[in-house]
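A.B. asks: This is the structure alone, sequence omitted:
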């Protein structure tokens, strides 16, 4: 399936399991790779805290820019999807085991939610596994 324009791009990226928090089409992104049209050119660049880096790609062709952006976002960036957010480490481990029993790979991390003495345990799946996880769990992220 070939991309024709930026309007189709977001849906195609989501269909491929890309996280909507890791890309931005048009103005307004933050801490992501963006595709935007400026001064008659389509540009792809990284923006962080309101500061745009130099473009990694420029083209007068919307089609070329969309194709490059799709390949870059879908193939070069790992797309983590949060499927569990827990106070209990055991609940996170139980979810990881349940996902594994259904052939869904996942990974966990621990963050200092309310400080170092108040951690939260998160469980993530990657890419298209979000579709399998949603089918299995229905409403994600799970919480305790």
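C.D. replies: Right, received. Where do you want to start? Since we're looking at a predicted model, the values are computed, not measured.

A.B. asks: residue contacts, the residue nearest the centre of the chain?
C.D. replies: Centroid-nearest residue in the chain, with CA atoms, centre = their mean: residue 19, separated by 2.1 Å. Going by CB atoms under 8 Å, 6 or more residues apart in numbering, residue 19 touches 79, 80, 81. No exception for glycine: its C-beta is placed from N, CA and C like everyone else's.

A.B. asks: Need the phi and psi values for the residue lying closest to the first one once chain neighbours are set aside.
C.D. replies: So that's residue 79. Sequence neighbours aside, residue 19 is the residue nearest to residue 79 in space, at 4.3 Å (criterion: CB to CB, 6 or more residues apart in numbering). Residue 19 adopts backbone torsions of phi -80, psi 130, taken as degrees, to the nearest 10.

A.B. asks: Tell me the secondary structure at the residue found closest to residue 129 once you drop the neighbours it is linked to in the chain.
C.D. replies: Ranked by CB to CB, 6+ apart and with sequence neighbours excluded, the top spatial neighbour of residue 129 is residue 104, at 5.1 Å. Secondary structure state of residue 104, per DSSP: H, G, I helix; E, B strand; the rest coil, is coil.

A.B. asks: Take the contacts of residue 19 and lay them out in JSON lines including secondary structure and distance to residue 125.
C.D. replies: Output for the contacts of residue 19, formatted as JSON lines (DSSP: H, G, I helix; E, B strand; the rest coil; distance: CB to CB, whole Å):
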{"residue": "79", "secondary structure": "coil", "distance to residue 125": "9"}
{"residue": "80", "secondary structure": "strand", "distance to residue 125": "8"}
{"residue": "81", "secondary structure": "strand", "distance to residue 125": "5"}
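
A.B. asks: out of these, which are buried?
C.D. replies: Buried residues within the contacts of residue 19, defined by neighbour count using 16 or more other CB atoms under 10 Å: 79, 80, 81.
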